[in-house]
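Undergrad: sequence first, then the predicted structure, then my questions.
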Amino acid sequence: MPITGQPRYQTGYAALLLIRAPGFKDSEMAAIFSRHYHLTRAETKLMGTLIAGLDLKEFAESTFSSYETVRSHLKRIYAKTGTHRRHELISLVRGVVYQDQSRDS
């Protein structure tokens, strides 16, 4: 499907980073990551959503939570993991899952 209209930024490029570890579901990846960083149940559910590529508004609607509550969960995840941006968090997930996977092999 073509995208019409003028891009907001004139770079002409866009990216969406989705990660998939072979043999793992999004929820399994979130569980491995959550054990490593001691995330709460709500934070773990949010991680599964982020790994799947959904945004915070979609997660808030699907869990009947307010957007601000979901943002609060994300901020706590950032604090626990020492990350500041979503792409840093996703890169960290990939590293933790692969490390866990290689340890079990």
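TA: Received the coordinates, thanks.

Undergrad: tell me the secondary structure at the residue positioned nearest the centre of the chain.
TA: Nearest to the mean C-alpha position of the chain, by CA atoms, centre = their mean, lies L50 at 2.7 Å. With DSSP: H, G, I helix; E, B strand; the rest coil as the basis, the three-state label of L50 is helix.

Undergrad: what's near enough to touch it?
TA: For L50, the contacting residues are 86, 89-90, by CB atoms under 8 Å, 6 or more residues apart in numbering. Heads up, the C-betas are built off the backbone N, CA and C, glycines and all.

Undergrad: mark which of these are buried, thanks.
TA: For the contacts of L50, a neighbour count by 16 or more other CB atoms under 10 Å gives the buried set as 89-90.

Undergrad: go through the contacts of L50 and say which is closest to H36.
TA: H36 has its nearest neighbour among the contacts of L50 in L89, at 12.6 Å by CB to CB.

Undergrad: that closest one contacts R76, doesn't it?
TA: No. In this structure, L89 is not within contact of R76 by CB atoms under 8 Å, at 11.9 Å.

Undergrad: Throw the contacts of L50 into TSV and include secondary structure, distance to A31 and pLDDT, thanks.
TA: Output for the contacts of L50, formatted as TSV (DSSP: H, G, I helix; E, B strand; the rest coil; distance: CB to CB, whole Å; pLDDT from 0 to 100):
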residue	secondary structure	distance to A31	pLDDT
R86	helix	19	89
L89	helix	16	90
I90	helix	16	87
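
Undergrad: show me which of the contacts of L50 is closest to L56.
TA: For these, the nearest to L56 is R86 (9.5 Å; CB to CB).

Undergrad: so what's the closest one up against?
TA: Applying CB under 8 Å, 6+ apart to R86 gives the contacts L50.

Undergrad: please renumber so the chain begins at 37
TA: New numbering, starting at 37: the last item is R122.
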